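>>> Would you be able to build a 3D model of this:
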Amino acid sequence: MTMAYKNVIHGLQKDEGTKENLFALVFEQGMSTNAASIKLAIPRSTAYSWVKKEKEQRSAAIEASEIARQTAQAAAAENLKVNLFALVFEQGMSTNAAAFGLGIPPSTAYSWINKEKERRDFTGEASSKTAREISKEDLKENLFAMVFDQGLSTNASAIQLGMPPSTAYNWIKKEKERRDITGEASSKTAQEISKDDLKKNLFALVFEQGMSTNASAIQLGMPPSTAYNWINQERERQSVTAEVTKETVQETVKETLKDNAEETVHETAREISKETSVETSVETSVESEEASTKDADSVYRVTFKL
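From the prediction side, this is the model:
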């Protein structure tokens with residue numbers, strides 16, 4: 001290796017070390033290019049040239065990184081869209097529930113769903129009954145079975161089925177109206193029967209076994225708010241019943257005392273009447289005897305005179 005080549009290599013290594021020091025001063029410590037060139041004892045023009053090239057390289061690297069990030073985001077978004085569309089259009093899940101499950105903002109999910117609906121309408125994919133509509137019917141049947149047959153509340157059913165409570169309440173309201181029109185609700189429904197059984201179980205746990213309302217609601221798989229409402233109503237009913245019973249007992253006691261008092265008065269009157277009758281009979285007998293004696297005396301005196 002010639003001396004000249006060694007000098008070139010040494011010069012390049014020195015330049016690289018100087019560049020690193022320059023970049024550290026400018027990009028990391030925030031020193032100006034001019035001040036850094038003075039501190040490192042290198043020509044100002046050289047420092048500016050190195051810093052300019054480094055800025056261009058770093059900018060290109062940042063841009064490439066941003067492109068890669070955006071590409072990855074777009075790919076992830078596409079995957080999310082595919083999963084979202086599958087959940088909503090194929091499995092019949094609500095947009096809100098699907099967005100929650102996939103961890104994406106509901107507003108973004110609704111925007112994607114609306115655009116996809118428009119696209120499918122335009123391409124004719126929604127001309128016939130879709131899998132989502134079929135799944136929607138299944139969801140309705142499950143909801144109606146839980147509410148009308150099993151007696152579960154609409155809110156609890158909606159949560160269990162992973163659908164918006166507002167949608168569930170709307171479907172239940174329309175179904176109730178339909179059943180009222182068709183006469184299906186003319187007699188006591190299975191839901192009402194199941195509801196009565198649920199109430200009986202709740203009252204037994206709370207009033208007989210002493211369990212708290214909240215614990216009883218959890219054990220029976222029902223909303224605590226419904227349980228508290230039923231318990232409060234039952235307590236009010238029991239309070240009213242107890243008050244009515246108390247008043248009835250008081251009235252019965254009063255009537256009994258009154259009847260007993262009247263009977264006592266009547267009995268006393270009868271006793272007095274009997275005693276009065278006896279005294280009157282005695283007096284009459286005495287008077288009769290006295291009259292008889294007087295008559296006998298008169299007869300005796302007349303006889304004696306004769």
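>>> quick one, helices of this structure?
3-23, 33-40, 44-85, 95-102, 106-123, 131-144, 154-161, 165-182, 190-203, 213-220, 224-305 (DSSP state H).
>>> Contacts for the second one, please.
The contact list for helix 33-40 (Cβ atoms under 8 Å, 6 or more residues apart in numbering) reads 18, 21-22, 25-26, 31, 43-44, 46-48, 51. No exception for glycine: its C-beta is placed from N, CA and C like everyone else's.
>>> just to revisit the earlier point, export the helices of the chain as a markdown table, with columns for mean neighbour count.
As requested, the helices of the chain are exported to a markdown table (neighbours: other Cβ atoms under 10 Å):
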| stretch | mean neighbour count |
| --- | --- |
| helix 3-23 | 12 |
| helix 33-40 | 16 |
| helix 44-85 | 12 |
| helix 95-102 | 18 |
| helix 106-123 | 13 |
| helix 131-144 | 15 |
| helix 154-161 | 18 |
| helix 165-182 | 14 |
| helix 190-203 | 15 |
| helix 213-220 | 15 |
| helix 224-305 | 11 |
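>>> Using TSV, please lay out the ones you listed together with mean pLDDT.
Output for the helices of the chain, formatted as TSV (pLDDT from 0 to 100):
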stretch	mean pLDDT
helix 3-23	63
helix 33-40	92
helix 44-85	86
helix 95-102	85
helix 106-123	86
helix 131-144	72
helix 154-161	82
helix 165-182	87
helix 190-203	73
helix 213-220	82
helix 224-305	66
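>>> need the contact list for the residue nearest in space to the middle of the chain.
Centroid check for the chain by Cα atoms, centre = their mean gives Pro223 as the closest residue, at 5.3 Å. Residues in contact with Pro223 (Cβ under 8 Å, 6+ apart) are 153, 155-156, 217.
>>> likewise Ala156?
221-223.
>>> now it: how far from Thr123?
Distance, Ala156 to Thr123, by Cβ to Cβ, to the nearest Å: 39 Å.
>>> do the same with Ile172
For Ile172, the distance to Thr123 - Cβ to Cβ - is 34 Å.
>>> so Ile113 makes contact with Leu84?
Yes. Between Ile113 and Leu84 a contact is recorded at 7.0 Å, counting by Cβ atoms under 8 Å.
>>> returning to what we had before: quick check: the farthest pair among the contacts of Pro223?
Greatest spatial distance in the contacts of Pro223: Asn155 and Ala217, 12.8 Å, computed using Cβ to Cβ.
>>> Domains of this protein: list them as residue ranges, please.
For the chain, the structural domains run 128-187, 191-306, going by automatic domain parsing.
>>> what's around Pro210, how many residues?
Not Pro; residue 210 is Gly. 7 (other Cβ atoms under 10 Å).
>>> quick one: it from Asn155, how far?
From Gly210 over to Asn155 (counting by Cβ to Cβ), the distance is 28 Å.
>>> One more: Gln91?
From Gln91 over to Asn155 the distance is 22 Å, taken as Cβ to Cβ.
>>> Over to Arg237?
The gap separating Arg237 from Asn155 is 25 Å, by Cβ to Cβ.
>>> again, but for Phe148
Phe148 is 15 Å from Asn155, by Cβ to Cβ.
>>> before we move on, the earlier item: could you export the contacts of Pro223 as TSV, including distance to Ala36?
Shown next, in TSV, are the contacts of Pro223 (distance: Cβ to Cβ, whole Å):
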residue	distance to Ala36
Ser153	72
Asn155	67
Ala156	69
Ala217	72
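>>> and which of these is nearest Ile104?
Nearest to Ile104 among these, counting by Cβ to Cβ, is Asn155 at 24.5 Å.
>>> pretty sure the closest one is in contact with Ala168, am I right?
Yes. Applying Cβ under 8 Å, one finds Asn155 in contact with Ala168, separated by 7.4 Å.
>>> okay, the contacts of helix 33-40 in a markdown table with distance to Ala72 next?
Converted to a markdown table, these look like this (distance: Cβ to Cβ, whole Å):
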| residue | distance to Ala72 |
| --- | --- |
| Thr18 | 37 |
| Asn21 | 35 |
| Leu22 | 34 |
| Leu25 | 34 |
| Val26 | 31 |
| Met31 | 35 |
| Pro43 | 43 |
| Arg44 | 42 |
| Thr46 | 39 |
| Ala47 | 37 |
| Tyr48 | 36 |
| Val51 | 31 |
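>>> Out of those, flag the one nearest to Ala60.
Nearest to Ala60, judged by Cβ to Cβ, of these is Val51 at 15.0 Å.
>>> how about the nearest residue to that closest one, chain neighbours excluded?
Spatial nearest neighbour of Val51, excluding adjacent residues (Cβ to Cβ, 6 or more residues apart in numbering): Thr33 at 4.9 Å.
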